[in-house]
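> Task: produce atomic coordinates for the following.
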Amino acid sequence: MRLLILSDSHVIEKEGIYFSPDPWLKITEYLEPFFSRVCLCIPVEQTCEPPSSIPLNRSWEQKRIHWKHTIAYKSVVNYYKLLPYIVANNLPVVVDAVRDCDAVFMRLPAMNGYMTALVARLLGKPLVCYFSGDQRLQIINGGKYRGLWYLPARMAAVFHDFLYQRIVKGSIASLFEGDLILKRYASTDNNSYFMFPSLIEEREIWSRQQSSLQEPPRNLLFAGSLDKAKGIDFLLEALAHLFLCGIECRLTICGEGPEGNALKQLTNHLGLADRVSFRGHVKWGKDLDEVYRETDILIHPSLSEGVPKVILEAMAKGVAIVATAVGGVPGVITDADNGILVQPKSSRAISDAVIKLVRVQGLRNQLVQGGYAFIKQHTAEKQAKEVATIILESVKNST
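Just a heads-up that it's a prediction; the model follows:
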């Protein structure tokens, strides 16, 4: 079976190598063995390799993976600004890609998803949708759009939400990274699944020494984009409260984003300059692995999420996890088993969870062992097989 994978994740092409800041696209490599051919239809740019990117196809030369290039647009606003140009250029590419496949596997939200779903329907090709996040919730609660942009962005989010629901109804199966979006989109006559992409291979799971797990946790980590939706300000406020409670912790913040300067100012305002280290971007792979090995607790205070890749990476490196119960997080974190779930927008909830990990003997080791058990059941190899099985069986049952 020939599979088409469509995503709006932009990639950079440089000297025949494709780079992407989005590790999700590596799912292509894990799905390839289950299909006769895989075509990846994505926006491609010809520019310098960004520092936050990872190479995608250095090991793909001998695999049955092909590329279809669409026009890059960078943002939803730019997409609408360039709509006639984008449609004129991307539509022939999408038609050719859909015509030359047996099934379409489409990652949403994606602006090119609307025309792809329409083309798939017209050409009679089965469609499987994969929702990596809740765009409506991210726009409404994430804080990215403010002032004059807020109302148009909210209206666009509601409109897109309606279109995505129509796409789901026309698909043969749908996969969701969060329970809330699954319940909102799933229809009674459609196969709907909670699913998340694990990019952790079995060989990448690193066993932390038991002796280190008996020591009080002191090193906290946040890794991700520095934007409002990540709730990092609540984490900094929690750190200040920990200091008042006599808990000596240090926080490392890895990432870049529009809130970087504001977060540094808040750090200084809270008197935490000597307790917080802003590392900037840390390259995915060995460099980030070293950070995890120096970390005792990963804090993920996000206000809206799918399934954060950093949570899975932290599990694989023996790091205890404190995360807000948003999006798809409760689907991978079971409270008090492989992590601690806290309510979003609450610095006190974060600090209480850290205090519990510091003071309750054996709790950190319990969560780490639970994380190991979970990630071993959800490696990239096992997840790819599950996704491929859903696609193949859904296509078979639809004919």
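
> what about Asp352, neighbour count?
Asp352 has 18 neighbours, counted by other CB atoms under 10 Å. (C-beta placed from N, C-alpha, C; glycine too.)

> For it, list the residues it contacts.
Val342 (CB atoms under 8 Å, 6 or more residues apart in numbering).

> Could I get the pLDDT score of it?
Listed pLDDT for Asp352 reads 97.

> Please report the distance of it from Tyr30.
Going from Asp352 to Tyr30 by CB to CB, to the nearest Å gives 38 Å.

> can you check Leu242 too?
For Leu242 relative to Tyr30 (CB to CB), the value is 39 Å.

> What is the subsequent helix or strand relative to the host helix or strand of His160?
Element membership of His160, judged by DSSP states H and E, is helix 150-169. For helix 150-169, the following helix or strand on the C-terminal side (DSSP H and E) is strand 173-176.

> And the helix or strand that comes right after that next one, what's buried?
Following strand 173-176 in sequence order, the next helix or strand is helix 179-185 (DSSP H and E). Buried residues in helix 179-185, counted by 16 or more other CB atoms under 10 Å: Ile181, Leu182, Arg184, Tyr185.

> Report the mean per-residue pLDDT for helix 179-185.
76.

> Residues contacting it, please?
Outside helix 179-185, the residues that reach it (CB under 8 Å, 6+ apart) are 131, 133-134, 137, 164-165, 168, 174, 176, 192, 194, 327-328, 330-331.

> Next secondary structure after it?
strand 191-194.

> That next one pairs with which strands?
Strand 191-194 sits in its sheet next to strand 173-176 (parallel), going by DSSP bridges.

> Would you mind listing the outside residues contacting the partner strand?
By CB under 8 Å, 6+ apart, strand 173-176 touches 128-131, 168, 182, 185-186, 190-195, 328, 387, 390-391, 394.

> For PyMOL, what selects the buried ones among the residues you listed?
In PyMOL syntax, the buried subset of the contacts of strand 173-176 is picked out as below (16+ other CB under 10 Å):
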select buried, resi 128+129+130+131+168+182+185+186+190+191+192+195+328+387+390+391+394
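
> What's the local residue count around Ala229?
Neighbours of Ala229 using other CB under 10 Å come to 21.

> So it versus Pro344, what's the distance?
Relative to Pro344, Ala229 is positioned 10 Å away (CB to CB).

> which residues touch Asn365?
Counted by CB under 8 Å, 6+ apart, Asn365 has contacts Gln210, Leu213, Gln214.

> In contact with the second one: list those residues for me.
Leu213 makes contacts with Gly318, Arg364, Asn365, Val368, as judged by CB under 8 Å, 6+ apart.

> State the pLDDT value of the residue nearest to the first one when sequence neighbours are not counted.
In this case it means Gly318. Excluding its sequence neighbours, the residue lying closest to Gly318 (CB to CB, 6 or more residues apart in numbering) is Arg208, at 3.1 Å. In this model, Arg208 is scored at 89, pLDDT.

> And Asp96, by the same measure?
pLDDT, Asp96: 96.

> how about it, secondary structure?
helix (DSSP: H, G, I helix; E, B strand; the rest coil).

> wait, it sits on His69?
No: in this structure, Asp96 is not within contact of His69 by CB atoms under 8 Å, at 11.2 Å.

> Which one of those two is surrounded by more residues?
Neighbour count, other CB under 10 Å: between Asp96 and His69, His69 has more, with 17 against 14.

> Look up phi and psi at the more buried one.
When read as degrees, to the nearest 10, the backbone of His69 gives phi -90, psi 130.

> Give me the pLDDT value at it.
Reading off the confidence values, His69 has pLDDT 91.

> distance of it from Val128?
Remark: distance between His69 and Val128 (CB to CB) = 22 Å.

> next one: Ala323
The value you get for Ala323 to Val128, if CB to CB is used, is 28 Å.

> first to last residue in stretch 252-263, what's the distance?
Length of stretch 252-263, first residue to last, CA to CA, to the nearest Å: 13 Å.

> Tell me how many other residues surround Gly306.
23.

> again, but for Arg99
Here the count is done by other CB under 10 Å, and Arg99 has 12 residues near it.

> my guess is Phe194 contacts Gly331, does it?
Yes: using CB under 8 Å, Phe194 is in contact with Gly331, at 5.3 Å.

> Overlap in contacts, those two.
In contact with both Phe194 and Gly331: Glu177, Gly178, Asp179, using CB under 8 Å, 6+ apart.

> Under the pLDDT cut-off, which ranges of this structure? List them.
Applying pLDDT under 70 to the chain flags residues 48-52, 58-59, 61-62, 133-147, 149, 187-190.

> And the residue nearest the centre of it?
Pro308 (4.6 Å; CA atoms, centre = their mean).

> which residues touch that residue?
The contact partners of Pro308, by CB under 8 Å, 6+ apart, come to Gly224, His300, Ser302, Ala323, Val329.

> Please apply the same query to Gly260.
So Gly260 contacts Leu226, Phe278 (CB under 8 Å, 6+ apart).

> From Leu303, how far out is it?
According to CB to CB, Gly260 and Leu303 sit 18 Å apart.

> ok, now Pro84?
Applying CB to CB to Pro84 and Leu303 gives a distance of 35 Å.

> And those two? Which one has more around it.
Legend: neighbour count by other CB under 10 Å for Pro84 and Leu303, higher for Leu303 (19 against 8).

> Most remote residue from the middle of this protein, which is it?
Gly246 (34.6 Å).

> residues near the nearest residue to Pro301 once chain neighbours are set aside, how many?
Nearest residue to Pro301, sequence neighbours excluded (CB to CB, 6+ apart): Gly231, at 3.8 Å. Neighbourhood size, Gly231 [other CB under 10 Å]: 26.
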